[in-house]
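> Provided below are the primary sequence and the corresponding predicted coordinates.
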Amino acid sequence: MLLTGFAVGLGIIGAVESTWTLLVLLAVLGVLNCYVTIVLMSAIQNRPPKEILGRTMGLFIGAATLTALMTIRAIRQPALALISMGNARTADREIVVSTARIASLSQ
């Protein structure tokens, strides 16, 4: 039930237009995320036999780390594109000037 509410909250983010409403929603989701993480970690630690608990936690933490790295990469790509937009606009202006210059030379 809690995970369903969490998923619905994440789905609502796309429809929210008010910045303050979004801020409150993200704060609530952040608190719920902490709770879900604690419950999930406790469940993972209680289920496997003690002999393989270390391997189980290593697999879980490795998967979480891989997911975090993939998320960082997914965020980084659009950020780099936005940063380079200024250079692209400058290049476009130079191309327009060069085209106009070429057109005036051919007349």
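Happy to help now that I have it.

> quick one: mean pLDDT over the biggest helix by length in the chain.
What stands out as the longest helix in the chain, according to DSSP state H, is helix 53-83. Averaging pLDDT along helix 53-83 yields 80.

> helices or strands up against it?
Other elements packing on helix 53-83 under the criterion 3 or more Cβ pairs under 8 Å, 6 or more residues apart in numbering; DSSP states H and E are helix 19-46. (Glycine included, C-beta is placed from N, CA and C.)

> now the longest helix of the chain: how far from the chain's centre is it?
Remark: helix 53-83 is offset 10 Å from the chain centroid, using Cα atoms, centre = their mean, to the nearest Å.

> just want the angle from that helix to helix 19-46.
160 degrees (axes from the mean of the first three to the mean of the last three Cα atoms, to 10 degrees).

> quick one, domains of the protein?
1-47, 50-107 (automatic domain parsing).

> next, format those as a markdown table and append mean neighbour count.
Below are the domains of the chain laid out as a markdown table (neighbours: other Cβ atoms under 10 Å):
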| stretch | mean neighbour count |
| --- | --- |
| domain 1-47 | 11 |
| domain 50-107 | 10 |
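
> quick one, phi psi at R47?
The phi/psi pair for R47 (degrees, to the nearest 10) reads phi -80, psi -50.

> tell me the predicted confidence for it.
At R47, the model reports a pLDDT of 88.

> relative to T37, how far out is the residue nearest to I44 when sequence neighbours are not counted?
Spatially, and ignoring its direct neighbours in sequence, I44 is nearest to F60 (5.6 Å; Cβ to Cβ, 6 or more residues apart in numbering). F60 sits 11 Å away from T37, taking Cβ to Cβ, to the nearest Å as the criterion.

> ditto for P48
18 Å.

> all set now, cheers.
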